[in-house]
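Asks: The sequence and its predicted three-dimensional model are supplied below.
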Amino acid sequence: MHNLIVAEKTGNPCEFAKKMYLSRSQLYNTIAIIKDLDAPIKYCKKRETFYYEAPFDLELSYSFKAITNDEAKEIFGGFSLRPILLDGTIISLL
């Protein structure tokens, strides 16, 4: 996401959401979270792209934790729902 914004190659909101494997509302929720981190994100209708109004670096950290089958059932509401990563990879809960 950050790289597309820096390069000003996001496309319009629907295109950007599709690139990120998000719904349009999820995209706007994500942008709101990043704005809460003081990111100066703007949208240009003429160029149809999101961009940073001023230089901005975003550093993200994440970790993974192995969970039990019972924890997975509780988190995901059973095994019929399949969590998907941002790159479209389906995570197996079994």
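Replies: Cool, the structure landed. Residues are numbered from 1 along each chain as shown.
Asks: any weak-confidence spans in the chain?
Replies: For the chain, the stretches with pLDDT under 70 are 75-94.
Asks: remind me, longest helix of it?
Replies: helix 24-36 (DSSP state H).
Asks: so what strands line up beside the very next helix or strand once past that one?
Replies: Sequence-wise, the next helix or strand beyond helix 24-36 is strand 41-44, with elements assigned using DSSP states H and E. Paired strands of strand 41-44, with direction, are strand 49-52 (antiparallel) (DSSP bridges).
Asks: still on that earlier bit, give the buried residues for the longest helix of the chain.
Replies: 27, 31, 34 (16 or more other C-beta atoms under 10 Å). C-beta: built from backbone N, CA, C; applies to glycine.
Asks: for it, packing partners?
Replies: helix 13-19, strand 41-44 (3 or more C-beta pairs under 8 Å, 6 or more residues apart in numbering; DSSP states H and E).
Asks: Contacts made by that helix with the rest, please.
Replies: Applying C-beta atoms under 8 Å, 6 or more residues apart in numbering, the external contacts of helix 24-36 come out as 1, 13, 14, 16, 17, 20, 22, 41, 50, 58.
Asks: Next one: residue 27 from residue 66, what distance?
Replies: 30 Å (C-beta to C-beta, to the nearest Å).
Asks: Thank you, goodbye.
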